[in-house]
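Trainee: Need a 3D model of the sequence below.
(one chain, ligands or ions: 1)
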Amino acid sequence: MEISGSKPDGDRLKKMFSWSNNALSENATMGERVEPVAPNVPSPDLVGVAIERPPQLQHQQSSVWARRQQAVCVRHAFKTYGSKKNPNHVLSNLNMTVAKGTIYGLLGASGCGKTTLLSCIVGRRRLNTGEIWVLGGKPGTKGSGVPGRRVGYMPQEIALYGEFSIRETMMYFGWIFGMETSEINERLQFLLNFLDLPSQNRLVKNLSGGQQRRVSFAVALMHDPELLILDEPTVGVDPLLRQSIWNHLVQITKDGNKTVIITTHYIEEARSAHAIGLMRSGKLLAEESPHVLLSMYGCQSLEEVFLKLSRKQTNNTVDTNISNNISLATMNWGKKDSISVTEESGVVGLNFHQSKEVLIHDANNGHVDINGGKTLSAPVVSAQSLEDCSDCLHITTAGKMRALLQKNFLRMWRNVGVMLFIFALPVMQVILFCMAIGRDPTDLKLAIVNHEMNYTNMSYQNCQYQPGCKFTHLSCRYLENLNNNTIHKVYYPDPESAVNAVREGNAWGALYFTENFTDALVARMALGKDADEETLDQSEIRVWLDMSNQQIGVILQRDLQLSYQDFARELLRSCNQNPKIAEIPISFKEPLYGSTEPSFTDFVAPGVILTIVFFLAVALTSSALIIERMEGLLDRSWVAGVTPGEILFSHVVTQFVVMCGQTTLVLIFMILVFGVECKGDIGWVIVLTILQGLCGMCFGFVISAICELERNAIQLALGSFYPTLLLSGVIWPIEGMPIVLRYISTFLPLTLATTSLRSILTRGWSIVEKDVYLGFISTTIWIVLFLTISLLVLRFKRG
Ligand SMILES: Nc1ncnc2c1ncn2[C@@H]1O[C@H](COP(=O)(O)OP(=O)(O)OP(=O)(O)O)[C@@H](O)[C@H]1O
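Mentor: Okay, the predicted model is just below:
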């Protein structure tokens, strides 16, 4: 029987299976999987080792050998998304074989699992079970080159850095692939012309959707990879360009060294492919050359074929035997000894044993043999084969680091919002902190009733006293001592109206002097223990405070008491008495650390410095990585061969530079501009602040590794902000916490560091003090811990 004019004569069959037919099992039966074996060709891992093996082992090894010869070979692939309870089976027992040097069109309805399959092939995802061989190795294993420069991958999403120009985009990926700059420039010129791209200096974000897709395609072609995997490259591309893309794919596969796997929703354009895999519900319904598929099903279009096959699958009419029967009967290739039998799972076609010649021959109606009769039998595993692990020992390459660092800095530099966030925000926070926190309140209204004087016109006019050792109008003398900045005196005629003013929120406190306050006070001083109750009562300044605001209440109490001490001292001094009589008998000497009037600012400042640097780093890192991941950029870099470790390292370096800038700004404003005390070594202050920034960055990595969405990352970052702040002794001493909280607090990243910085700043302690070095040690431990967690999570997630 003829297939579209080409007769499957003996020669043709020989050619088709020239590298495998010797190995075909004599006993192969319908529906039974028989892998081609190559008994005369030693498997690559066994070269030079002459060992007699049992037949079963020989068969297994030759199967593996056969799989390695394909560009891609997938066996029994299962992939499930979702939880165990509610799994979404995306790939179920899928088998696929892509011969080297061919274009393989992967077709199927939306959601059937094409992208998932491709992402497993390029090593972005891992199968639940099953095997994948790509270019002779298993993706993700050392030395396989996949992910890496052997593959060019164009994902479905644009996955490009919008802030980059076309040229910078090419440089980024070119460097990652290990290309020289001159080489990249050369290739860039070709791709610009070939893909009809606008000026190389245009920013990607300013290109049209179609242009962006073409840039994305150019990235995949950039390093001229052995295997090109294109997920819907022709979406949004005009028909002319689409044709030229297909022509290019045909061109690059001609010499047999390049292979292309392409998905498309324009089924008919896949006629140019050498082989087509029709996929449905996680399985391949058929894997065949388009030409053969059309003739097998007597259809005019591939769409019709797909519909027929889909209907058959739905009606459960496609089972292994039937499908094989269809394939074999149609092609009249039922001779056991000359064909390979279709494998498990009901895939229609010759699939796994097709050599490139057959596919091309079929696709071109049997007229073209691009290799001039030269078979591709036993293709040599490419130069960078499984055993060639020359890159394995390299932790990274200069090109990759250059690309990643330039990417990080360019993205920051080109984004005004990010730049402001990095440098303006910390400065603004420091300024706001120093201006708004810790200063004494001013203009606090105090309702004053002074019955020693006459109340007229809203005031007690002539509230004057005689200086010196004179005992007249002592109430006025006391009021004169009340700090005018903090207290704003408002006069009331009687205690009731003054208290009412406090009740109504018009004043923070009411102050009442009785009409014979001065006499009673003098008597109280003179009589001492003999003073009667009335004298004591009349000599009191009566105060009603609004203590609803603790800070204001305490400040008023303090000021009223200190004013009285000043007033009494001054009176005693002017009467040649010892002013100490006015003081309580506790003598506070010059403090050993800090000042006699400690400020809340000095207490909070160390914690604030560290909190600002820590949480800015958290915010910056967590969102940066997630955005990259959501836009598919992280995956694209991974497929290009960048490891999670390299990505993290590049961010550590970038953040370190950012942190140095931030630390400088924060400390300049805190210490030099606002005069926050720094008694210790500024060097250690800088080191600890930078370490805290790095610690925040690593925490950001953890968040971005854990969270899928930016929204979740923001929630987690914000959610962690307050507990950390409240429990770290930044705004209240941890000594005031319940014992359990104190323990928890000690293990938080900011706590010991804050104590350490406070000790350096206010006590002037050096690194040898326990309180100081513990801060450094705890910060370092947290950095290592966070980095380890993020690396583990990133590695785990790639599966
Ligand atoms: N990360 C994921 N988590 C959960 N489910 C996913 C994920 N990615 C894909 N899926 C689901 O897996 C199925 C297959 O998706 P996939 O993207 O592989 O299909 P596709 O054939 O490429 O579709 P299209 O042609 O529309 O791109 C879909 O049901 C999809 O919802």
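Trainee: Show me where the stretch 1-150 of the chain dips below the pLDDT cut-off.
Mentor: Applying pLDDT under 70 to the stretch 1-150 of the chain picks out residues 1-67, 143.
Trainee: what residues does it put near the ligand?
Mentor: Residues of the stretch 1-150 of the chain lying close to the ligand (C-beta under 6 Å from any ligand atom) are Tyr81, Asn88, Val90, Gly108, Ser110, Gly111, Cys112, Gly113, Lys114, Thr115, Thr116. From N, CA and C alone the C-beta is placed, and that goes for glycine too.
Trainee: how about Lys283, phi and psi?
Mentor: phi -130, psi 160 (degrees, to the nearest 10).
Trainee: which ones are touching the closest residue to it other than its chain neighbours?
Mentor: Setting aside the residues directly before and after it, Lys283 is nearest to Leu94 in space (C-beta to C-beta, 6 or more residues apart in numbering), at 5.6 Å. Contact partners of Leu94, counting by C-beta atoms under 8 Å, 6 or more residues apart in numbering, are Val74, His76, Ala77, Phe78, Gly113, Leu117, Gly130, Met279, Gly282, Lys283, Leu284, Ser345.
Trainee: are any of those residues buried, and which?
Mentor: Val74, His76, Ala77, Gly113, Leu117, Gly130, Met279, Gly282, Lys283, Leu284, Ser345 (16 or more other C-beta atoms under 10 Å).
Trainee: domain parsing for the chain?
Mentor: For the chain, the structural domains run 10-150+225-363, 156-224, 398-432+602-798, 444-582, going by automatic domain parsing.
Trainee: picking up where we left off before, tell me which of the buried ones among the contacts of Leu94 is nearest to Ile584?
Mentor: Gly113 (82.5 Å; C-beta to C-beta).
Trainee: excluding its backbone neighbours, what's nearest the closest one?
Mentor: Gly113's closest residue in space is Val90 (C-beta to C-beta, 6+ apart), at 4.3 Å.
Trainee: Which secondary structure state is assigned to that neighbour?
Mentor: Secondary structure for Val90, judged by DSSP: H, G, I helix; E, B strand; the rest coil, is strand.
Trainee: I'd like the distance from it to Pro225, if you could.
Mentor: Applying C-beta to C-beta, to the nearest Å, the value for Val90 to Pro225 is 26 Å.
Trainee: repeat for Phe217
Mentor: 13 Å.
Trainee: One more: Val604?
Mentor: In terms of C-beta to C-beta, Val604 sits 57 Å off from Pro225.
Trainee: gap between the residue in the stretch 301-450 of the chain positioned nearest to the ligand and Glu288?
Mentor: Here the stretch 301-450 of the chain gets closest to the ligand at one residue, Phe306, 13.2 Å apart by C-beta to the nearest ligand atom. Going from Phe306 to Glu288 by C-beta to C-beta gives 12 Å.
Trainee: do His488 as well
Mentor: Distance from His488 to Glu288, counting by C-beta to C-beta: 92 Å.
Trainee: of those two, who's got more company?
Mentor: Glu288 (26 against 14; other C-beta atoms under 10 Å).
Trainee: how about that one, phi and psi?
Mentor: Backbone phi and psi, for Glu288 under degrees, to the nearest 10, turn out to be phi -160, psi 170.
Trainee: Tell me which residue is most central in this protein.
Mentor: Leu625 (2.4 Å; C-alpha atoms, centre = their mean).
Trainee: wait, what's in contact with that residue?
Mentor: So Leu625 contacts Leu634, Ile647, His651, Gly700, Phe701, Ser704, Ala705 (C-beta under 8 Å, 6+ apart).
Trainee: Which single one of those residues is nearest to Tyr104?
Mentor: Nearest to Tyr104 among those, with distances taken as C-beta to C-beta, is Leu634, at 26.5 Å.
Trainee: Whichever strand or helix holds the closest one vs the ligand: in contact?
Mentor: Leu634 belongs to helix 633-639 when elements are defined using DSSP states H and E. No - using C-beta under 6 Å from any ligand atom, we find that helix 633-639 stays clear of the ligand, coming within 10.8 Å at best.
Trainee: after that helix comes which helix or strand?
Mentor: helix 644-667.
Trainee: Pull out the buried residues from that following helix.
Mentor: Those would be 644, 646-652, 654-655, 658-659, 662-663, 665-667, for helix 644-667 by 16+ other C-beta under 10 Å.
Trainee: same thing with stretch 731-745?
Mentor: Ile734, Met737, Ser745.
Trainee: Switch these over to TSV; also include secondary structure, distance to the ligand and pLDDT.
Mentor: Shown next, in TSV, are those (DSSP: H, G, I helix; E, B strand; the rest coil; distance: C-beta to the nearest ligand atom, whole Å; pLDDT from 0 to 100):
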residue	secondary structure	distance to the ligand	pLDDT
Ile734	helix	43	91
Met737	coil	42	93
Ser745	helix	38	94
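Trainee: out of these, who's nearest Ile261?
Mentor: The nearest one, if we look at the buried residues of stretch 731-745 relative to Ile261 and count by C-beta to C-beta, is Ser745, at 55.1 Å.
Trainee: ok now do the closest one, which residues does it touch?
Mentor: Contacts of Ser745 (C-beta under 8 Å, 6+ apart): Leu727, Ser728, Gly729, Ile734, Met737, Thr751.
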